[in-house]
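> One predicted model, sequence on top.
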Amino acid sequence: MAHQAASISARIISQVRRGACFAPSLPVELHDAILIIARHPVRKSGSFKTGDLRLVCKQWNELHKKDFWRKKWLPLRPDNASWESIGERLKLLAKDAEVIKNVKIEGRATQVLPITLEDALRACPEIADIQHCQVQRIQIGLLDSLSEILLKQILLHRQDGIRHFGFRFDDTILFLGRRSMFVRSELLLPEIRRITVDISSVREAPSPEDVHHNSAGLVSLFIAELIGREDRTDAKRVELRVFCKPDPVNGTRRPQVTQAHILLAAQIYDFTRAFLEKVAGLKLVVSFQAPFRAQVAHNRRILDIWGRENDISLLNT
């Protein structure tokens, strides 16, 4: 039995190593835990020693934490958010600041009523912990007053460190103009490397009229302001990515990119290039991310030709 358990343990350890690609070797505590589980696959509740489990979990956590958060986004607003649940997320963001670089702020059902920052700090003191975060990537979906408070606090402390900024096309109006959330401040991201615009909800492309009265033109103006239109001495490469994952329509199960999506993306690319074409030291590259494998053959051919002729990288989501 012991020989069989050792054989099973060795196979499990080998598979884990190959799948997880650990840089350091697997801790001996984890070897022992796998061996115990292989020897006793059915165990009574409480038969594991909690001290051993904590030791194994700590070792496993140290190995996995950085890799886990490298691609994982921390949603600061859980479903049916309350100040207590938001406070828990902010505590985690501050505690694991060295590894949590990606945050998502999305308007969801909430018990929190619109309030001022001062009242929010009284209700959720953990908001002050945002000053300890090391966020580099922000993804914003469906802005509201609560999301605005969280976003402004992150930008207050991390504006110079943001490398990826993503937002919805529909929310552009909230970032620009006399009534925008940044009306008394400058939203410049000097270290930005990628800006993502989500156009999934768009049904019709705006008319390609004067740039300052066109919603695609407003998006492009906002993008140009984020990047900065001042000449720079050091070369800088920024990617403008348009993301499109529309809901399936007309009874189909596969989301289809429409002509309206293509026209809107093309306008955003053209206007942004026009705003930034004279900025010295800046290289702007553009990409379009969509569920290409789900497209019907005719659509895929059109998208391939469009991307090739306009120097647009096509990325499957």
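That came through fine.
> and the gap between the residue nearest to Thr233 when sequence neighbours are not counted and Pro125?
Closest residue to Thr233 apart from its sequence neighbours, by C-beta to C-beta, 6 or more residues apart in numbering: Gly281 at 6.5 Å. From N, CA and C alone the C-beta is placed, and that goes for glycine too. Using C-beta to C-beta, to the nearest Å, Gly281 is found at 43 Å from Pro125.
> which residues in the stretch 151-300 of the chain form strands?
Assigned by DSSP state E, counting those that start in this stretch, the strands in the stretch 151-300 of the chain fall at 164-168, 194-198, 236-243, 282-290.
> would a markdown table of the ones you listed with distance to Arg137 be doable?
Formatted as a markdown table, those follow (distance: least, C-beta to C-beta, whole Å):
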| stretch | distance to Arg137 |
| --- | --- |
| strand 164-168 | 4 |
| strand 194-198 | 8 |
| strand 236-243 | 12 |
| strand 282-290 | 15 |
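> Ok, which of the ones you listed comes nearest Arg301?
strand 282-290 (14.3 Å; C-beta to C-beta).
> Return the set of buried residues in the closest one.
Within strand 282-290, the residues that count as buried by 16 or more other C-beta atoms under 10 Å are 282, 284, 286-290.
> Stretch 114-125 now?
Buried-residue list, stretch 114-125, by 16+ other C-beta under 10 Å: 120, 123-124.
> Closest to Thr233 out of those residues?
Closest to Thr233, out of all of the buried residues of stretch 114-125 and judged by C-beta to C-beta, is Ala120, at 40.4 Å.
> give me every residue that touches that closest one.
By C-beta atoms under 8 Å, 6 or more residues apart in numbering, Ala120 lies in contact with 127, 149.
> Specify the local secondary structure of the spatially most central residue of the chain.
Against the mean C-alpha coordinate of the chain, by C-alpha atoms, centre = their mean, the closest residue is Gln139 at 4.4 Å. Using DSSP: H, G, I helix; E, B strand; the rest coil, the structure places Gln139 in strand.
> Which residues does it form beta bridges with?
Lys104, Gly166 (DSSP bridges).
> I figured Leu315 was touching Pro291, is that so?
No: with contact defined as C-beta atoms under 8 Å, Leu315 does not reach Pro291; the gap is 10.3 Å.
> coming back round to it: which residues touch the residue nearest to Thr233?
Counting by C-beta under 8 Å, 6+ apart, Gly281 has contacts 231-236.
> Going by distance to Arg163, which of those residues wins?
Out of the contacts of Gly281, the member with the shortest distance to Arg163 (by C-beta to C-beta) is Lys236, at 11.6 Å.
> Bridge partners for the closest one, pull those for me.
Here Lys236, judged by DSSP bridges, has bridge partners Leu282.
> Identify the residues contacting it.
By C-beta under 8 Å, 6+ apart, the contact set of Lys236 is 281-283.
> which stretches of the stretch 101-250 of the chain have low pLDDT?
109, 177-185, 204-214, 249-250 (pLDDT under 70).
> how deep is Leu142 tucked in, by neighbour count?
14 (other C-beta atoms under 10 Å).
> Leaving out sequence neighbours, find the closest residue to it.
Closest to Leu142 by C-beta to C-beta, 6+ apart is Gly107, at 3.6 Å.
> So that neighbour versus Gly217, what's the distance?
For Gly107 relative to Gly217 (C-beta to C-beta), the value is 25 Å.
> what about those two, which has more around it?
Higher neighbour count among Gly107 and Gly217: Gly217, with 22 against 18, using other C-beta under 10 Å.
> And stretch 188-197, what's buried?
189, 192-197.
> Checking the residue lying closest to Gln153 once chain neighbours are set aside next. Helix, strand or coil?
Distances taken as C-beta to C-beta, 6+ apart place Ile130 nearest to Gln153, at 4.5 Å, with adjacent residues excluded. What three-state DSSP gives for Ile130 is helix.
> need the contact list for Ile130.
So Ile130 contacts 90, 93-94, 150, 153-154, 156-157 (C-beta under 8 Å, 6+ apart).
> Return the member of these nearest to Ser201.
Leu150 (21.8 Å).
> pretty sure the closest one contacts Ile105?
Yes: using C-beta under 8 Å, Leu150 is in contact with Ile105, at 5.4 Å.
> Distance-wise, check Glu118 relative to Ser147.
18 Å.
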